[in-house]
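okay, here's the prediction I keep looking at, along with the sequence it came from:
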Amino acid sequence: MPDKRKLRRRFLRTLGVLLLLILIVIVYILIVSKTNPPEIADRTALGWQRTEKSTGFYTLKNNWFRKSESGLFELYVEGHPYERGVANGKLTKELLQKQEEYFNDQINRMIPSKFYLHFLKYFVGWFNRDLHKFVLPEYKEEIYGISASASDKYDYVGSKYQRMLNYHAAHDIGHALQNLALVGCTSFGTWGSKSADGNMIIGRNFDFYVGDHFSENKIVAFVNPSEGHKFMSVTWGGFIGVVSGMNDKGLTVTINAAKSSIPTGSATPVSLVAREILQYAQNISEAIAIARKRKMFVSESFLVGSAEDGKAVIIEKTPDSMSVYDPEKNYIICANHFQSSGLVQLKSNQLQIRESASEYRYQRLEELLDSTKENTVARTVAILRDRRGIHNEEIGIGNEKAIDQLIGHHSIVFEPKKGLVWVSTAPWQLGKYVCYELKKVFARAGMKTDQEVSDSSLDVPADPFLLTPQFRDFLRFRKFKEAIIDGDMVDPDSLIASNPDFYQSYELAGNEYFKRKDYPRAAAYYRQALTKVVATKGEEDYIRKQIKKAEEK
């Protein structure tokens, strides 16, 4: 029998080698994932100071930042990349730091394990080790300029520049790793005989959910770059990418996630591809040429509308291929699956159509457009606020199969030929839609006194749904969900009463009874959930598994 002391020494040697290997891997990841900022020849802008001209209204050179009466923040920045980044960061410093805090708080809530969080930190660093190679020098300079105003609080995660750069890939990484339930966007457009005056109208819901706080401080940004076209987009603190925007040539871009496989390395973040299109394209062919140049690591649809072309198309792009969907009719619909002949038959896309909420939302949108003879901006907003299912079925408030899931970061409507854009105000897309005319806003460069820059005469009123008992019940339902997430006990009957048409009410009630080991009642509620319109195949499978577990207890 081997000597115990020899076994112990052998074990300690093995353990020591293992720990050394782990240490080497961590050090290696830290070294290769370290991203050096771009070289800036002239850093004069760092010495700029913003001036608070009146409460909440800041100026810096010709740049300005304010909070409108609608609750939306409005930002104007101009100049060379680094300078406009510095101006952006200094003007929006408080929102930039809040946004990073909200983002990290939500991650901590989703991943309470400190060990896994540290693992995730190293994974993201490793995954994004080559990210800087796929970002245009101009955008690296702009992000570096913004990063000067970032908080010291999260320096343990990485340098300020590295963090700001990585946040631009957060949408892509999350989408890829989980095929996110965070992203379920819907967009559409009409033109010609389908629009009341023949002009193109495009509407979209950006249903990207990273907690309620994340969407509280929306910024309507107006950017006048030293090169390329002036443009507007709806964004948040520290983010220069584009998810919804329009330029002064009447070209619009909105992005919709499609199903992706887990990527093996970084590439250009989707939002920065959209930004490049918005800044440098004035028609569809130029947008296609830009999209073709960029390699992405997730699959995405870009709905591009063009005043010059008088129509919209969808650029569908995967890490390996690209195709363009032109409906060749007077309207277009985009959910979260591909439609072009080149990509529609992809296995991943067919799976998305069968198992996600995308196809259902597409069919509901088609149904609503079929019933619309001539579309208007007001009608577009009404469609974006639609909470029912196919054939007007009540499917519960907040169902992912609805066009309006009441989780959206923002909703937006464009009239490209007129240079008009409407942006939703809180809560979700239920508040009024505020109208901006791009020419008039850009004419306010160097504004020195606080004043409203939107055109209130063209605003679309708030949804009357806000004043209904059903809306108040929905708010109660959300509180019940929050309590459950926090581990608190809730009354299942009150939960169901707050949203009786929603399958999730019964699923959550079943979970509550399952926790209490009342398995017969849990199974009964799970069965009731299956009588409702369940959003995805994955959720239906989960409910069926819970029924089986309850019956086996």
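Arrived safely. Here the structure is a predicted model, which is why all the values come from computation and not from measurement. Numbers count the residues shown, from 1 in each chain.

quick check: F297 vs I484, distance?
Applying CB to CB, to the nearest Å, the value for F297 to I484 is 34 Å. Using the backbone N, CA and C atoms, a C-beta is placed for each residue, glycine as well.

I should have written Y167 there, sorry.
If you measure Y167 against I484 using CB to CB, the figure is 29 Å.

repeat for E551
From E551 over to I484 the distance is 23 Å, taken as CB to CB.

what residues sit buried inside stretch 389-398?
Taking 16 or more other CB atoms under 10 Å as the basis for neighbour counts, the residues of stretch 389-398 that come out buried are G389, I395, G396, I397, G398.

more neighbours, E551 and I484?
Regarding E551 and I484, a neighbour count based on other CB atoms under 10 Å identifies I484 as having more, with 17 against 12.

now the more buried one: which helix or strand?
Secondary structure from DSSP states H and E places I484 in helix 469-485.

same thing with V423?
Going by DSSP H and E, V423 is part of strand 420-424.

swap in V313?
Under the assignment given by DSSP H and E, the secondary-structure element containing V313 is strand 311-317.

P319: neighbour count?
Should you count by other CB under 10 Å, P319 turns out to have 16 residues around it.

so it sits right up against V270, yeah?
No. Contact between P319 and V270 fails when scored by CB atoms under 8 Å: they sit 11.1 Å apart.

shared neighbours, these two?
M296, V298 (CB atoms under 8 Å, 6 or more residues apart in numbering).

give me the buried positions along stretch 442-459.
F442, A445, M447, D450, V453, S454, L458.

what about the second one, which SS state?
I take that to be A445. Using DSSP: H, G, I helix; E, B strand; the rest coil as the criterion, the local structure at A445 reads coil.

nearest spatial neighbour of it, skipping sequence neighbours?
By the measure of CB to CB, 6 or more residues apart in numbering, the closest residue to A445 outside its immediate chain neighbours is N62, 5.0 Å from it.

pretty sure the one you found contacts E78?
Yes. If you go by CB under 8 Å, N62 and E78 touch, sitting 5.7 Å apart.

those two: who's more crowded?
E78 (19 against 16).

and what about the more buried one, helix, strand or coil?
Three states are possible here, and by three-state DSSP the one that applies to E78 is strand.

next up, the contacts around the residue lying closest to it once chain neighbours are set aside.
By the measure of CB to CB, 6+ apart, the closest residue to E78 outside its immediate chain neighbours is N224, 3.8 Å from it. With contacts defined as CB under 8 Å, 6+ apart, the neighbours of N224 are Y76, V77, E78, G79, K230, F442, A445.

same deal with S505?
Shown here is S505, whose contacts under the criterion CB under 8 Å, 6+ apart are G396, F477, L495, I496, S498, N499, A529.

picking up where we left off before, the strand holding V313: how far from the chain's middle?
What separates the centre of strand 311-317 from the centre of its chain is 19 Å, taken as CA atoms, centre = their mean, to the nearest Å.

cool, stretch 50-58 as well?
With CA atoms, centre = their mean as the basis, the distance from the averaged C-alpha position of stretch 50-58 to the chain average is 29 Å.

tell me who's in contact with E394.
With contacts taken as CB under 8 Å, 6+ apart, E394 has the following neighbours: R388, D501.

quick check, central residue of this structure?
Centroid check for the chain by CA atoms, centre = their mean gives F208 as the closest residue, at 3.5 Å.

from K515, how far off is that residue?
If you measure F208 against K515 using CB to CB, the figure is 30 Å.

now swap in E286 and tell me
With CB to CB as the criterion, E286 and K515 are 56 Å apart.

can I see the domain layout of this protein?
For the chain, the domain assignment from automatic domain parsing gives the residue ranges 181-466, 469-552.

looking at these, which is closest to G47?
domain 181-466 (19.6 Å; CB to CB).

pLDDT wise, what is K6 at?
The predicted local distance difference test score for K6 is 58.

OK, contacts around the closest residue to A87 other than its chain neighbours?
Across the structure, with CB to CB, 6+ apart as the measure, the residue nearest A87 apart from its sequence neighbours is N63 (4.2 Å). Shown in contact with N63 (CB under 8 Å, 6+ apart): L75, Y76, V77, E78, G79, R84, A87, N88, L91.

could you redo the last one with a cut-off of 7 Å?
Under the criterion of CB atoms under 7 Å, 6 or more residues apart in numbering, the neighbours of N63 are Y76, V77, E78, A87, L91.

was I right about the last one contacting R50?
Yes. Under the contact definition of CB atoms under 7 Å, L91 touches R50, with a separation of 5.6 Å.

which residues do these two both contact?
Residues touching both L91 and R50 (CB under 7 Å, 6+ apart) are Y58, L60.

with neighbour numbers in mind, choose between those two.
Between L91 and R50, counted using other CB under 10 Å, the more crowded position is L91 (25 against 19).

need the contact list for the more buried one.
For L91, the residues meeting the contact criterion (CB under 7 Å, 6+ apart) are R50, Y58, L60, N63, F65, L75.

ok, now how distant is it from W191?
Counting by CB to CB - L91 and W191 are separated by 37 Å.

again with K440
24 Å.

the more surrounded of the two?
Using other CB under 10 Å as the criterion, K440 and W191 rank with W191 on top: 23 against 12.

the more buried one contacts D197, correct?
No. Contact criterion CB under 7 Å: W191 and D197 do not qualify, at 10.2 Å.

which ones are touching I143?
For I143, the set of contacting residues under the criterion of CB under 7 Å, 6+ apart consists of G85, Y161, M164, L165, I240.

pop out the phi and psi values for I547.
Dihedral angles of I547 (phi, psi; degrees, to the nearest 10) stand at phi -60, psi -50.

Y525 is in contact with that one, correct?
No. Using CB under 7 Å, I547 makes no contact with Y525, being 9.7 Å away.

surely N205 is within a strand?
Yes. With three-state DSSP as the criterion, N205 is part of a strand.

can you pull the contacts of it?
Shown here is N205, whose contacts under the criterion CB under 7 Å, 6+ apart are C185, T186, L384, I403, D404, G408, S411, Q429.

make JSON lines from the residues you listed and add secondary structure and pLDDT to it.
Converted to JSON lines, the contacts of N205 look like this (DSSP: H, G, I helix; E, B strand; the rest coil; pLDDT from 0 to 100):
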{"residue": "C185", "secondary structure": "coil", "pLDDT": "89"}
{"residue": "T186", "secondary structure": "strand", "pLDDT": "95"}
{"residue": "L384", "secondary structure": "helix", "pLDDT": "98"}
{"residue": "I403", "secondary structure": "coil", "pLDDT": "97"}
{"residue": "D404", "secondary structure": "coil", "pLDDT": "97"}
{"residue": "G408", "secondary structure": "coil", "pLDDT": "90"}
{"residue": "S411", "secondary structure": "strand", "pLDDT": "97"}
{"residue": "Q429", "secondary structure": "coil", "pLDDT": "94"}
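
got any ranges where this structure has weak pLDDT?
Under the criterion of pLDDT under 70, the regions of the chain flagged as low confidence span 1-34, 106-129, 171, 173-183, 261-265.

list the contacts of stretch 47-55.
Contacting residues not belonging to stretch 47-55 are listed as Y58, T59, L60, K61, V86, A87, K90, L91, K448, T449, D450 [CB under 7 Å, 6+ apart].

from these, pick the one nearest P520.
For those, the minimum distance to P520 (CB to CB) is 59.5 Å, reached by L91.

what about that closest one, distance to G238?
Between L91 and G238 the computed distance is 12 Å (CB to CB).

I543 touches Y526, doesn't it?
Yes. Counting by CB under 7 Å, Y526 is a contact partner of I543 at 5.2 Å.

shared neighbours, those two?
Listed as contacting both I543 and Y526 by CB under 7 Å, 6+ apart are E507.
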